[in-house]
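*Asks:* sequence and predicted structure, then a few things I'm wondering about:
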Amino acid sequence: MKNKVLLCLLPLWLLSTGCSTFTEQTPPKPVAKVVKPKSPQAPGANLQKPQPKPYVAKKPVPGSGTATYAIDDGKTDFKVEPSLPAFRAEPLTPPLDPLPEVPSAGAVPAAPALPAFAVEEARVPTGTPPAVLALLTEADRNRVAGNLDAAVVSTERALRIDSRNPTLTYKLAQLRIKQNKPQLAEELAGKAALLAGSDLDLKRKSWLLIAEARRMQQNYQGAKEAKAKSESFFGR
């Protein structure tokens, strides 16, 4: 009896066990897919871009009525012709007269030029040695002929004979003025003025010759002073 009951309960037990097993099974969990990153490219690697293919002009199809031309790359040299009309060159107008220069506040105005001073002849004093007179005559002859160097040589020889004669010194200063040697002439005329002593007329002529020598050296202020000095002597 008991065996029959067990046999009847066994199928029911098996059926309940199978249902519980079926219901407890869970669906499989999703598995994440791992994607491997791409390996980085080495630095400095030159990437070569694909070069565009050169454009090739298509040949026109005969009878199609259209033509295909190559595209200009812009590098063709071309010359742009001027479109403006040519102008005729007009003569330049004459320049205007320059404006007079205005001296600045601190500038010293140049002294005006002076006219030449007259150089007078000096008479030979009495009692002059005959040899000196002969040399002076030769010097005057060479001076008139234009041979100033020979006249200077004769006068210097006369001075070696009579070195204290102021008239000979003055005559040599005259020759230096004619030779355009104003510095030597000024020195000789100053010496003649000192040797003249009481001969006021020779002093006046000597200072007048000094004024001319200074004028030739463009020492206009000194020339005026020498001229005023010569006018202070009244022996004539």
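*Replies:* Here it is on my side, so go on.
*Asks:* in this structure, which helix or strand is least confident?
*Replies:* Sorting the helices and strands of the chain by mean pLDDT, DSSP states H and E puts helix 2-24 at the bottom, at a mean of 61.
*Asks:* tell me, how many residues neighbour the closest residue to Ile161 other than its chain neighbours?
*Replies:* Nearest non-adjacent residue to Ile161, counting by CB to CB, 6 or more residues apart in numbering: Val132, 5.4 Å away. (Each C-beta comes from the backbone N, C-alpha and C, glycine too.) Neighbourhood size, Val132 [other CB atoms under 10 Å]: 20.
*Asks:* isn't Val132 up against Leu168?
*Replies:* Yes: when contacts are counted by CB atoms under 8 Å, Val132 is listed as touching Leu168 (7.1 Å).
*Asks:* overlap of the contact sets of these two?
*Replies:* Contact with both Val132 and Leu168 is made by residues 158, 162, according to CB atoms under 8 Å, 6 or more residues apart in numbering.
*Asks:* output the contacting helices and strands for the helix or strand hosting the residue nearest to Ile161.
*Replies:* Taking DSSP states H and E as the definition, Val132 sits inside helix 130-145. Applying 3 or more CB pairs under 8 Å, 6 or more residues apart in numbering; DSSP states H and E, one finds that helix 130-145 makes contact with helix 148-161, helix 166-178.
*Asks:* and Lys171, how far from Arg157?
*Replies:* 12 Å (CB to CB, to the nearest Å).
*Asks:* enumerate the positions of stretch 168-188 that are buried.
*Replies:* For stretch 168-188, the neighbour count (16 or more other CB atoms under 10 Å) marks 168-177, 181-182, 185-188 as buried.
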